[in-house]
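> Below: sequence and its predicted model.
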Amino acid sequence: MTGNITLTMVKPMAVKKGYIGPILAKINEAGFKIIAMKYTKLSLDQAKKFYEVHKERPFYNDLVNFMSSGPIVTAILEKENAVESYRNFIGATNPANAEPGTIRALYGTDLEKNAVHGSDSDENAIIESDFFFSKVERY
Ligand code: CMP
C-alpha cells in the first residue's frame, strides 16, 4: 500500500526569487492538500541532520550550506500516492532534465538550487514530516 503524505521544502533560492506564492498555487491546483506548513530557516546542524542520508556524497557540504543559507517554506502534503505523484509533479532532480511545466523546470536554477525538495519514499516522508512537525501542528 502506498502512503498518502509527502514532505516538501521550497528551497532558499526559490524563496529569495519570490516563488513561494506561484509554487503553492500550483501545489493547490495539482490537488495536494496542505496539512502542515511553516516558514522557517534551517541551522547548519539541522540541514546536516535532514540530509544525513547523503553525508557520504560529494555534494553534501555544498547542499547543507545552501539549505541553511536562507529561509524556506516546508509543508506536509496529502494526496493518494503522494510521494510518486509529487515527484512527477516537480520533475527531475536536475532542472535541466525536468519536463516542461514541472516546478523544477519552471523555478529551478541548477541541480542544487532546484526550487523544491520532495520525499523520495513513504518511509522518508514520515521521517521528514516528523523532523519539522509535531502532531498538534497538523490539521
Ligand atoms: P533534494 O530533493 O532536496 O534531495 C537531495 C538534493 O541534493 C537534491 O534535491 C539536489 O538539490 C542536491 N544535489 C546536488 N548535487 C546532486 C547530485 N549530483 N545528485 C543528486 N542530488 C544532488
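Done, it's in. Computed from a predicted structure; not experimentally measured. Numbers count the residues shown, from 1 in each chain.

> contacts and neighbour counts: CA atoms only from here.
Fine.

> just checking, residue 117 is part of a strand?
Yes - secondary structure of residue 117 (DSSP: H, G, I helix; E, B strand; the rest coil): part of a strand.

> So it sits against residue 6, correct?
No - counting by Cα atoms under 8 Å, residue 117 sits too far from residue 6 to count as a contact (10.0 Å).

> Quick check: phi and psi on whichever residue of the chain sits closest to the ligand?
Going by Cα to the nearest ligand atom, the ligand is nearest to residue 112 of the chain, at 3.6 Å. Torsion angles at residue 112 (phi, psi; degrees, to the nearest 10) stand at phi -80, psi -50.

> what helix or strand is the closest residue to it other than its chain neighbours on?
Leaving aside its sequence neighbours, residue 112 sits nearest to residue 63 (Cα to Cα, 6 or more residues apart in numbering; 6.5 Å). Assessed by DSSP states H and E, residue 63 sits inside helix 60-67.

> quick one: the strands in this structure?
Ranges of strands in the chain, per DSSP state E, are 5-10, 33-40, 72-78, 116-118.
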